[in-house]
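> Got a predicted model here, sequence first, then my questions.
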Amino acid sequence: MDHDLFHFINQSLANPFLDAILPVFREKTTWIPLYLVMVFLIYRSYGWRRTLWLLVCIGAVMAVADQLAANVIKPWVGRLRPCAEPEVAEQARVLVRCGGKWSFPSNHATNHFALATLLALTWLKDKAWGWRFGIFLWAAAIALAQVYVGKHYPGDVFVGALLGSSLAWGGVLLYRRFAGEEAIPDTVV
């Protein structure tokens with residue numbers, strides 16, 4: 001089923017517009033301006049102390065998520081990327097450099113869902129539901145772009161999303177415990 005869904009997203013949905021947009025869309029450096037705007041808006045909402053605490057939490061969660069996915073789970077599972085699997089790569093449309101050979105879980109999905117969940121449970125928790133929906137839609141679009149460009153199977157991004165969201169939830173609990181009065185109050189978790 002994972003291979004069939006991969007072929008559907010990677011090949012059946014193929015079109016010149018997505019071929020041009022998604023390789024850039026999935027790049028983490030594309031989003032640096034958005035990250036900077038978010039930091040500024042968080043600062044405007046909470047001041048420098050809460051912003052600093054939240055940035056420390058984000059940094060810690062992202063570091064754990066990235067390293068756990070890349071250096072622990074990927075080598076342990078040992079699932080090849082579609083672009084590195086000879087019988088799949090022959091048919092797949094690979095629109096970006098293949099990168100490392102391990103696929104499961106997707107670091108892009110893990111990291112972006114960790115960030116989306118963390119922000120949804122803190123900074124965006126009191127905002128209109130559309131903001132939380134939007135940040136998860138953004139993370140999902142980046143994760144699915146990984147499938148479209150030929151780097152991951154859908155199962156890789158699904159598990160990466162679950163892993164990142166779980167780690168962020170735990171990170172927010174620890175953040176509130178250690179930041180104390182400086183933390184965003186606990187109303188969601």
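Thanks, I have it.

> ok, and what's touching the lowest-mean-pLDDT helix or strand in the chain?
Least confident helix or strand of the chain, by mean pLDDT, DSSP states H and E, is helix 86-89 with a mean of 78. Residues outside helix 86-89 that contact it (C-beta atoms under 8 Å, 6 or more residues apart in numbering) are 3, 6, 82-83, 150. Every residue, glycine included, has its C-beta placed from N, CA and C.

> from these, which ones fall inside helices?
3, 6 (DSSP state H).

> Now the contacts of helix 86-89 in TSV, please, with extra columns for distance to Gly160.
Output for the contacts of helix 86-89, formatted as TSV (distance: C-beta to C-beta, whole Å):
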residue	distance to Gly160
His3	18
Phe6	15
Pro82	15
Cys83	17
Gly150	16
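
> Turn the contacts of helix 86-89 into a markdown table, columns for pLDDT and distance to Leu41.
Output for the contacts of helix 86-89, formatted as a markdown table (pLDDT from 0 to 100; distance: C-beta to C-beta, whole Å):
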| residue | pLDDT | distance to Leu41 |
| --- | --- | --- |
| His3 | 86 | 41 |
| Phe6 | 92 | 36 |
| Pro82 | 89 | 37 |
| Cys83 | 84 | 37 |
| Gly150 | 90 | 35 |
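
> Just the buried ones from the contacts of helix 86-89?
By neighbour count, with 16 or more other C-beta atoms under 10 Å, the contacts of helix 86-89 hold 6, 82-83, 150 as buried.

> Closest to Val172 out of the residues you listed?
Phe6 (32.3 Å; C-beta to C-beta).

> which residues sit in contact with that closest one?
Residues near Phe6 by C-beta under 8 Å, 6+ apart: 82, 88, 92, 147, 153-154.

> tell me which of the residues you listed is nearest to Tyr43?
Relative to Tyr43, and with distances defined as C-beta to C-beta, the nearest of those is Val147, at 34.9 Å.

> Right, I'll call it a day here.
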